[in-house]
Every structure is written in structure tokens, then in C-alpha cells.
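Peer 1: My questions are about this predicted structure, shown below with the sequence.
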Amino acid sequence: MCGIVGVVGKSDVNLQLYDALTMLQHRGQDAAGILTCHNGRFSQQKANGLVRDVFRTRHMQRLVGHSGIGHVRYPTAGSSGPALAQPFYVNSPYGIALAHNGNLTNAAEVSDELYRTDMRHVNTDSDSEVLLNVFAQELLKRNKLQPMAEDIFAAVEGMQKRIRGGYACVALIANYGLVAFRDPHGIRPLVFGKRETKKGTEYMVASESVALDVLGYTLMRDVKPGEAIFITGEGELHSKQCSDVVELAPCIFEHVYFARPDSIMDGVSVYKSRLRQGERLAEKILKERPDHDIDVVVPIPDSSRVAGQALAHVLGVKFREGLVKNRYIGRTFIMPGQKERRKSVRQKLNPIRLEFEGKNVMLVDDSIVRGTTCQQIIQMAREAGAAKVYFASAAPAVKYPNVYGIDMPSAKELIAHGRTDQEVCEEIGADWLIYQDLDDLIAASREGNENIKGFDCSVFTGEYVTGDVNEEYLYQLDAARNDNQKSKGDKHNDEGENTVIGLHNGDGDDVGLG
Ligand SMILES: O=P(O)(O)OC[C@H]1O[C@H](OP(=O)(O)OP(=O)(O)O)[C@H](O)[C@@H]1O
Ligand SMILES: NC(=O)CC[C@H](N)C(=O)O
Ligand SMILES: [Mg+2]
């Protein structure tokens, strides 16, 4: 899950982009990039690392221009090396740079077609570079020296016919403006807003509304599924529905884990959605065990705090922050390797013994994916003296890979794949395990916007909303991206073997595309 942002302002936008990326850091910790446009010239800085490490003062000073885009990356295609950091750039037509959140399911075919039919070169194995080239090619087909809004929308239309999967994107066209679009199912989130300044109206597009809030923008609305918006350099806003078939089916895992609780997605407050998740799960607990003997509810920070609090309230049981989080360790689930994830859980969370000693503790987490977190925490709870350790997951059992921008490529790595709830319970070492029912999760996540007819729930059901994901695709995805494979790939990257040389400022010192 990456984070993207785009701004068309009335003065230099570099600092706004930087601040917005820090607000989206929870969506990607591997790489970050900013690209701005000044007098038709792009400047950029991108590299592996957190936002605070990638941009130094000297970079910020050189990232000039009244419009720009930014990206924080959590890889779901290709390596995690610097060559795949975003935004990506193509020089023709006009000069276009793009940042992408999501994952294409037909990147390999389209990449081949780009080479054979369009004679375009794709330099990396990033699906985002493929997407950018398709957009560029469709824009080139219009054959206009100066593109108008209608040309840009026609290009998005053409592109949508060629690509499949999940995508929310921002793109900057040198001298013309900012384009933002979302796939026809709206799988990945994208919102936009405006703020008034003395010099005129400024616009921001971002993955999550929290970036808008913090920078003083008023949320206007979500980019609709299949829609594109175009904001000219002068600040004129155009929008058009670019897809014939539109069916809002946003990723439900945003509500479970990815999004910040203070964001509003497709009209639904993520915070309220998580409160409802906790309430519904508590009702299920009360139904299954009306005479439960839970003494205390302890959330596993951070993501389960909101649901955990609501759950404890409905149960009428004490809610205690019995696990203290080291605030300097990032999210473990989006780390690239299992060894790193495992080590981080222990460094990240430490129990307060008195909340566990002699008590029947119910640990609550938003989800159990590979089981890395819960296995270790349950053990910690026992070592801290808990009498019984129960475990509640605010999401149903995660059993299937994700193909739309969450790096869960391998069913075998999911602890619940091919296991019953009881078997998972034994595997994680809990005395009792209870999962949310999918219907309850859906109801909790859509309250507030009845227009959401369904969600992409593929990680729970194995049904993929784009309809094109088959056994063969999943087999290839697993083979290319399982943890074993990725560790080999990253080794190559670090050691310079098989490394793709990034067409970007390699030493991290210079800003510019030259
Ligand atoms: O079963 P697993 O494979 O361990 O994955 C699930 C865990 O990973 C996430 O936490 P993470 O540390 O990434 O982020 P958080 O601090 O936002 O909870 C999620 O909130 C669960 O705790
Ligand atoms: N998580 C994402 O949105 C990833 C975007 C893109 N597929 C990449 O790997 O860079
Ligand atoms: Mg967590």
C-alpha cells in the first residue's frame, strides 16, 4: 500500500508535499520521492528510506515549483531497490511523471505489448512504470502539441481499457497540470480538497484525507471509481468519468489496517468503522460465550486500539494498554522480510506485567496475517504471568493473497490458509481465538455510505473484483514474490548483482532528472 499526493499551488509546494508524505508514511516505509515542476522543468528527489531520511534541506531548496507530486512506497511489484522508487518519469509526450498506489494484474502482458506494439522501453519490473507508459502512449495518440482536458481524459479512458488491477494515481504533465485517477472499482483510495490563499485557490489530491486536514485543505470529495480529474497549472479543475463500467468496491483492508483512523474514505470515517468492528466482535463474543471469564482487554498497538476500546466497552470489561509500543519502530507487517518482521515485533512491543499477572486476558488485534505478531505477543503475555490468553481478531481469517496493492502474494505464508480456526488457535498458542464475521466487517465498514454496494474482500474470500485473477496468475505471483524469493532479490539489489540502474539521482545529493 503506497501513499500518493499531488498539489497545484500558488507558491512553491515542496514543503506541503513533504508534510503530506509524513502524514502518509504509515502506507509505505521503503522509499519516498517528490517531484516538482517549475517553468516546464521537473526536479526530483527519491531514494529508499523514510520521508525524514530521504529529503535533506539541500534537496528541498532545489525542489522548486508551484505544482508537484509525491510518493511513499511499500513494494508490491519488482524489487524494493531505489530504481523502483517513485514518481516515475517519461519524457514523451510533454514530460510526464506519475506516482501510483495499487497493483496491476496484467502488467506482464501490457509490458510486452508496450514493447512490441508501441515500441516503448520499460526499464524496471515495476507495474507503475508500465502504467505510466500506457498513459503516455494513449496521450501521444491524440497527437496534440498542446493537450486539453478532453485529450487527457481520452488518454485515461484508453489506458483504463488496457490495464487491469488496482490503481489510484497522480501524474504531473510538464507545463499543463496535475491529473489524478482511480480504477473503475475504486479499489485504492483517493481524495481531493482545496484551500483558499491570498493568491488564489490551491488543490491537493491524496491517498487519505488526513493529509488534507493537516495542511488546512477542505475535503471536497473522493475521486470516483473510474473518474479522472485534471487541475491546470492555473488552478482550473476539470473532471470526467472515464470508464464505461463502474462499480465501487474499495479495499476493505483499508478499514481494517492500512488507513489512519482519522481519515475518511469513500464517505466513511475509518475511526467509526473501527469502533463498529469492535462492537460487532464483542456482540459475537457475548453470543458465543455469554459467561466468559475475560478480566481485561488489551489491544495490540497501534492499529487495533480503536476496535479494542469499543470491544471492551460492550463486553463491560476493563480496557488496559498492557503493551507499550516503541514509537521509533515502524509498522512490522509492511516490512519486506519475515526475519525483519519477527525481530521487530519484540523490539516494538513490551508488556506491562501487572496487567497480565494472574488474569484472563483478551488480546485484540485488527487482523492476523502471517501470525508473526500474535504468536510472539501470546507468548509474551504468558511469560508476563497471564492465566489464560484469548485472542480476538477484528477482521475475519486472512486466507488468500492480495493482488491489488497489499504485499500478501503467497497463500502459504498466511497462517489461516488451509487451516480451521481451531488449528490457527493451536498454532498461535491461544486458549481461545475468535474472528470477526465477514458480514459484520462489511456492515461496520459501509455504514455512512450506502452507495458502497460491496468491497474488495479477496483476502478473506479468494474472490477478486476485477474478475481476471486465476490460478495461473496466483501461482506466478507466489513464485515471484514469496518471502524466500524476495530475500534473494533484495540481496541482488544490495550487492549490485542484477541491479537495475535507476534513472534517477543516484547518490541522493543532486536534484534533477539530468
Ligand atoms: O499476523 P501478522 O503477519 O503479524 O500481521 C498482522 C499484524 O501486523 C500489523 O501490525 P503492524 O505492526 O504492521 O502495524 P500497527 O503498528 O499499525 O499495528 C497488524 O496491525 C497486526 O498487528
Ligand atoms: N503498494 C503499492 O501501492 C505499490 C505500488 C507499486 N505496485 C509498487 O510496487 O511500487
Ligand atoms: Mg498491529
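Peer 2: Done, it's in. Ligands and ions are numbered 1, 2, ... in the order given.

Peer 1: Now Pro299: closest residue in space that isn't a chain neighbour?
Peer 2: Spatial nearest neighbour of Pro299, chain neighbours left out: Gly308 (3.2 Å); criterion: C-beta to C-beta, 6 or more residues apart in numbering. C-beta coordinates here come from the backbone N, C-alpha and C atoms, glycine included.

Peer 1: That neighbour: neighbour count?
Peer 2: Residues lying near Gly308 (other C-beta atoms under 10 Å) number 29.

Peer 1: how near is it to Leu281?
Peer 2: 9 Å (C-beta to C-beta, to the nearest Å).

Peer 1: okay, and the common contacts of those two?
Peer 2: Here Gly308 and Leu281 have Val364 as joint contacts, going by C-beta atoms under 8 Å, 6 or more residues apart in numbering.

Peer 1: Tell me the residues on the stretch 351-500 of the chain that lie near ligand 2, please.
Peer 2: Counting by C-beta under 6 Å from any ligand atom, the residues of the stretch 351-500 of the chain lying close to ligand 2 are Gly405.

Peer 1: Now do the contacts for the residue of the stretch 351-500 of the chain found nearest ligand 2.
Peer 2: Using C-beta to the nearest ligand atom, the single residue of the stretch 351-500 of the chain nearest to ligand 2 is Gly405, 4.0 Å away. Gly405 sits next to Met1, Cys2, Thr76, Asn101, Gly102, Asn103, Gly166, Ile187, Arg188, Cys251 when contact means C-beta under 8 Å, 6+ apart.

Peer 1: Mind putting those into CSV with distance to ligand 2, neighbour count and secondary structure?
Peer 2: Formatted as CSV, the contacts of Gly405 follow (distance: C-beta to the nearest ligand atom, whole Å; neighbours: other C-beta atoms under 10 Å; DSSP: H, G, I helix; E, B strand; the rest coil):
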residue, distance to ligand 2, neighbour count, secondary structure
Met1, 5, 30, coil
Cys2, 3, 27, coil
Thr76, 4, 26, coil
Asn101, 4, 31, strand
Gly102, 5, 29, strand
Asn103, 4, 27, strand
Gly166, 8, 30, strand
Ile187, 10, 29, coil
Arg188, 7, 28, coil
Cys251, 11, 28, strand
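
Peer 1: which regions of the chain lie under the pLDDT threshold?
Peer 2: Judged by pLDDT under 70, the chain has its weakly predicted residues at 489-514.

Peer 1: what does it put close to ligand 1?
Peer 2: Going by C-beta under 6 Å from any ligand atom, the residues of the chain near ligand 1 are 257, 300-303, 331-334, 365-374.

Peer 1: Of the residues you listed, which belong to helices?
Peer 2: Secondary structure assignment by DSSP state H places Thr372, Thr373, Cys374 of those in helices.

Peer 1: Which one of the residues you listed is nearest to Ala312?
Peer 2: Cys374 (18.0 Å; C-beta to C-beta).

Peer 1: list the contacts for the closest one?
Peer 2: Going by C-beta under 8 Å, 6+ apart, the list of residues near Cys374 reads Ile300, Leu363, Asp365, Ile368, Phe391, Ile428, Ala430.

Peer 1: what's the nearest residue to it if we skip its chain neighbours?
Peer 2: Nearest residue to Cys374, sequence neighbours excluded (C-beta to C-beta, 6+ apart): Ile428, at 4.9 Å.

Peer 1: residues contacting that neighbour?
Peer 2: Shown in contact with Ile428 (C-beta under 8 Å, 6+ apart): Ile368, Gly371, Cys374, Gln375, Ile378, Phe391, Ile415.

Peer 1: Compute the distance between the nearest residue to Lys318 once chain neighbours are set aside and ligand 2, please.
Peer 2: In space, and not counting its chain neighbours, Lys318 is closest to Val296: 4.8 Å by C-beta to C-beta, 6+ apart. Taking C-beta to the nearest ligand atom, to the nearest Å as the measure, Val296 falls 36 Å from ligand 2.

Peer 1: One more: Pro250?
Peer 2: 14 Å.

Peer 1: quick one: contacts for Gln170?
Peer 2: For the record, residue 170 is Val, not Gln. Ile4, Val5, Gly6, Ile69, Leu98, Ala99, Leu178, Val179, Ala180, Val205.

Peer 1: what do you get for Gly158?
Peer 2: Glu138, Lys141.

Peer 1: for Phe460, same thing?
Peer 2: So, once contact is read as C-beta under 8 Å, 6+ apart, Phe460 ends up touching Ile252, Ala395, Pro396, Ala397, Val398, Lys399, Tyr400, Leu438, Leu441.

Peer 1: check which helix or strand covers the fourth one.
Peer 2: Okay, so that is Ala397. With secondary structure defined by DSSP states H and E, Ala397 is part of neither a helix nor a strand.

Peer 1: Go ahead and confirm it touches Glu423.
Peer 2: No: if you go by C-beta atoms under 8 Å, Ala397 and Glu423 don't touch, sitting 10.5 Å apart.

Peer 1: who has more neighbours, those two?
Peer 2: Legend: neighbour count by other C-beta under 10 Å for Ala397 and Glu423, higher for Ala397 (23 against 13).

Peer 1: what separates that one from ligand 1, distance-wise?
Peer 2: 11 Å.

Peer 1: Report the contact partners of that residue.
Peer 2: Taking C-beta under 8 Å, 6+ apart as the criterion, Ala397 is in contact with Ile368, Ala416, Asp421, Val424, Tyr435, Phe460.

Peer 1: Could I get the phi/psi values of it?
Peer 2: Backbone torsions for Ala397, taken as degrees, to the nearest 10, come to phi -70, psi 130.

Peer 1: And for Leu190?
Peer 2: With angles defined as degrees, to the nearest 10, Leu190 sits at phi -160, psi 130.

Peer 1: repeat for Val317
Peer 2: Dihedral angles (degrees, to the nearest 10) for Val317: phi -120, psi 150.

Peer 1: need the contact list for it.
Peer 2: Residues near Val317 by C-beta under 8 Å, 6+ apart: Ile294, Asp295, Val296, Val297, Met362.

Peer 1: Turn those into a markdown table, columns for secondary structure.
Peer 2: Listed next are the contacts of Val317 as a markdown table, based on DSSP: H, G, I helix; E, B strand; the rest coil:
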| residue | secondary structure |
| --- | --- |
| Ile294 | coil |
| Asp295 | coil |
| Val296 | strand |
| Val297 | strand |
| Met362 | strand |
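
Peer 1: ok, so of these, who is nearest Phe55?
Peer 2: Comparing these against Phe55 with C-beta to C-beta picks out Val297 as the nearest, at 40.2 Å.

Peer 1: what about the closest one, neighbour count?
Peer 2: By other C-beta under 10 Å, 26 other residues sit near Val297.

Peer 1: Contact partners for it?
Peer 2: Gly308, Leu311, Ala312, Leu315, Val317, Lys318, Phe319, Arg320, Val361, Met362, Val364.
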